[in-house]
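In: Here is the input, now give the coordinates:
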Amino acid sequence: MDCLQERGQWAPAGPCGCLYWRNAANQNRKKRYMSWRSESSKLRCFKIACLNMRVIEKLQNWFADMAKQVNNLNFEDLVLAGPRIIQLIQALEEVQAFHQLESNIQVKQFIMETQDYLHKMIKMANTKEDILINLDVVGDLSYAWQLIDSYTKQMQDGIKENPSLVIKLRATFLKMASAMDHPLLRILQANSNDLESVSRYYSGELVAYVRKVLQIIPETLFNLLARIVDIQTNKLRELPTRLDKDKMKDFAQLDERLEVARLTHAISVFTEGILQMKTTLVGIIKIDPKQLLEDGIRKELVRLVALALHNDCMFPPKSKSTDFVQRLEILGAKMDGFRRSFEYIQDYIEIYGLKIWQEETSRIINFSVEQECNVFLRNKIPEWESVYQSRTIPIPKFPPVDISVSFIGRLARELVRITDPKVTVYIDQITSWFDVRTRQELVNITVFRKLQHALGAPGVAGLDRLYSFMIVRELQSLQRTLDDLLRDKTWIAHYQALAKAIGMGQSSIAQPAKFYTQATSKGAKLWPFMLETFQKIGQLQLLRRQLAYELRTVSRFDSKHLVAALETLNEAVLTDIKSKPLDAPRDDGKEQSFLMYELAEYLQWTGLTEPLSQIYVGTRKDSYLGLAMFLSFLGICNTFIPAPNLGNTLVPRRRYDPVDGTPFLVGFVTVMKQFHADDTRQVVQLIGQYLRSVVETAKATNGDFGPDAATLVVSLQWMLLYGAISKDVVASYVPGYVIRALQTV
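Out: Here you go, the predicted structure:
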């Protein structure tokens, strides 16, 4: 029967099984019956159409009376309504013959449409409860719940050949929903509270199968899109700003553009089929075809982008820096091709392409960073609990190829490897790393620009976050070592003796060379560990500074209003904090904490941060901490010497020693930032005492200052440049001629 051709139009499956199905069917029968009766009752308007035919008044009244009889047909009394409808149909047949109305095409068509509505009303009236029950039994598809999966390949092949087949598959999906009716009816009869949860679970499983079948559309779409990407990236030439008329034909590239147009049309045809599919209720879950298409596109995009990031971020051991740059260029070209093509086709498939691109790439990178940072966390975040993972649009997890969990870890560790202080030297003035032996430039600001081009702002911010966790790990290791030193009785006795000899740091030390050599000799075995830790921390800090600079540059160019607003808000918050007296009660309100957290996130993503000023770990104040840090600094400084031809960069005293002065200084500054400001002030005070003692001894013996004094002076200069100490602090503890030397170095 016409009215029963599609079950989903009149009896959607629901949580109440067959009873709900039949109730819904009865309600829909009445709705359709009343609609057809309303259409048939338009006979009363027939007199207006007949005025120009000079029909006698008696015939007009007859049609009006027929309309009244149609309105009197009651759905609740279908037994009497059936014979009356038959009489009305026969009367309409006779009136055409008796009054010669067949010659008027308009009148004949109007009467035929009315008869068709009356025939449908008869069919609906003859639809009994027994028929619905028989249809329910015959149409039960519960046996095919597992069997239907074997036909998935045929369905997908059919969709590839004819995208409009999706409209017909809608009836199949609705039929599958009927498989839940009988089990749910038994649960309903048992008055179980699990009815809704069971209905939702199996409806979700059915929706997942629908997504699986229709996923062939996004897959085919991306296969076509890959060809568009290839043409746009490798074959189509960018139009210059000015073009000579003679070269216009060369830049037209008509064949390539025709192929792009053909592929674009094929994409639009594929998406048209699913977009024509009506909103469908599958179980108790409503499926929106447009949302279904968008989710499928997102899923395929995530799969392809994650695969590209995984494959192109594999670095063989001992690879050269040029290989690293080449892989970044390849990855950047792929990602740029994806983005440009997505922007190109978004209007043809009715989606926000750029929005989807940004959301999904950010989600992939943030998920990878989160899983990579699990290595450094005590309470790890499982994959299934991640806010970035989704069951509908899952991020694929690839097996690790080294100690890293994901591509972001491999990328971060490869960048750390090629900038290792043991084999490179960092020149701060040109922000570049050079090979110690070949003097070849390995990494410069261009590499970070290519990194940003390949991964975007989310990737650069993710690397910055990962390096922060690495710094925390190194600081915690150093903190444990210092805690052991400051608890050891022999070291405490050593510090007490030194503190008594040094005093308050105001008086000079007699025979400073002998005194300080004996003071630092006790830690001769400890200084290599301290130097290595300082270098690791400093190297990671230098990388963070470059990443922040790149983020800041891109943000100022792409989002200058956002950057200006963040700078103003940050300054306002800092001013408010500084304006409060130290003894004022702390405001631990949730609103302020939320503001600070959100502001910090925005500042990090826009590069408006200074890594050297950040507090990474909590520490406790100790009376001998400043002295311990000074001794380690003095014991390590004899390894370096300033190089005037490199802008006074600290370089190894022995040419091929595996050390680098700038990472060491940056690491030392970072460590001191974690402690109380009094400890930093004490270190500067002890450096000043050392310089005064060396100078006075040199004047008394007509000797020179020695190389260590020059290294300390240059180190103080770099500390000033990095903002670790202020000029007032240096002026308080270092003689005036040293300050003048600092200004002229």
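In: Which parts of the stretch 251-400 of the chain are helices?
Out: Assigned by DSSP state H, counting those that start in this stretch, the stretch 251-400 of the chain shows helices spanning 254-275, 289-312, 321-349, 353-373.
In: what does the stretch 101-250 of the chain give?
Out: Under DSSP H, counting those that start in this stretch, the stretch 101-250 of the chain gives helices at 105-125, 129-138, 152-161, 165-177, 181-189, 195-214, 216-230, 248-252.
In: so which of those helices gets nearest residue 640?
Out: Closest approach to residue 640 among the helices of the stretch 101-250 of the chain is made by helix 216-230 (50.6 Å; Cβ to Cβ). Placement of C-beta: from N, CA and C, glycine included.
In: Buried ones in the closest one, by neighbour count?
Out: 216, 217, 218, 220, 221, 222, 224, 225, 227, 228, 229 (16 or more other Cβ atoms under 10 Å).
In: Closest one of these to residue 274?
Out: The closest of the buried residues of helix 216-230, once distances to residue 274 are taken by Cβ to Cβ, is residue 217, at 5.7 Å.
In: Buried residues, stretch 204-211. List them.
Out: If you call a residue buried by 16+ other Cβ under 10 Å, then stretch 204-211 has these buried ones: 204, 206, 207, 209, 210, 211.
In: picking up where we left off before, need the helices of the stretch 101-250 of the chain in JSON lines (columns: mean pLDDT and distance to residue 600).
Out: As requested, these are exported to JSON lines (pLDDT from 0 to 100; distance: least, Cβ to Cβ, whole Å):
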{"stretch": "helix 105-125", "mean pLDDT": "75", "distance to residue 600": "66"}
{"stretch": "helix 129-138", "mean pLDDT": "73", "distance to residue 600": "60"}
{"stretch": "helix 152-161", "mean pLDDT": "86", "distance to residue 600": "47"}
{"stretch": "helix 165-177", "mean pLDDT": "77", "distance to residue 600": "47"}
{"stretch": "helix 181-189", "mean pLDDT": "77", "distance to residue 600": "50"}
{"stretch": "helix 195-214", "mean pLDDT": "84", "distance to residue 600": "38"}
{"stretch": "helix 216-230", "mean pLDDT": "84", "distance to residue 600": "37"}
{"stretch": "helix 248-252", "mean pLDDT": "80", "distance to residue 600": "48"}
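In: Return, as residue ranges, the portions of the stretch 501-650 of the chain with sub-threshold pLDDT.
Out: 504-505, 582-592 (pLDDT under 70).
In: Could I get the full set of helices for it?
Out: Using DSSP H, counting those that start in this stretch, the helices of the stretch 501-650 of the chain run over residues 512-521, 527-558, 560-579, 590-605, 625-637.
In: tell me how far stretch 287-295 is from the chain's mean position?
Out: Put simply, stretch 287-295 sits 20 Å off its chain's centre (Cα atoms, centre = their mean, to the nearest Å).
In: go on, stretch 324-333?
Out: Per Cα atoms, centre = their mean, the centroid offset for stretch 324-333 relative to its chain is 21 Å.
In: same thing with stretch 131-147?
Out: Using Cα atoms, centre = their mean, the offset of stretch 131-147 from its chain centre is 44 Å.
In: Please save the CA atoms from it in PDB.
Out: In PDB, the C-alpha atoms belonging to stretch 131-147 read as follows (Å, rounded to 0.1, in the frame of the first residue of the first chain):
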ATOM      1  CA  ILE A 131      -2.500  -5.700   9.100                       C
ATOM      2  CA  LEU A 132      -0.200  -3.700  11.300                       C
ATOM      3  CA  ILE A 133       0.600  -6.700  13.400                       C
ATOM      4  CA  ASN A 134       1.300  -8.900  10.400                       C
ATOM      5  CA  LEU A 135       3.600  -6.200   8.900                       C
ATOM      6  CA  ASP A 136       5.400  -6.000  12.300                       C
ATOM      7  CA  VAL A 137       5.900  -9.800  12.300                       C
ATOM      8  CA  VAL A 138       6.900 -10.200   8.700                       C
ATOM      9  CA  GLY A 139       9.100  -7.100   8.700                       C
ATOM     10  CA  ASP A 140      11.100  -8.100  11.800                       C
ATOM     11  CA  LEU A 141      14.800  -7.700  10.900                       C
ATOM     12  CA  SER A 142      16.300  -8.800  14.200                       C
ATOM     13  CA  TYR A 143      17.900 -11.900  12.500                       C
ATOM     14  CA  ALA A 144      20.000  -9.500  10.300                       C
ATOM     15  CA  TRP A 145      21.700  -7.600  13.100                       C
ATOM     16  CA  GLN A 146      25.000  -9.400  12.600                       C
ATOM     17  CA  LEU A 147      24.300 -10.600   9.000                       C
END
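In: Nothing else from me, thank you.
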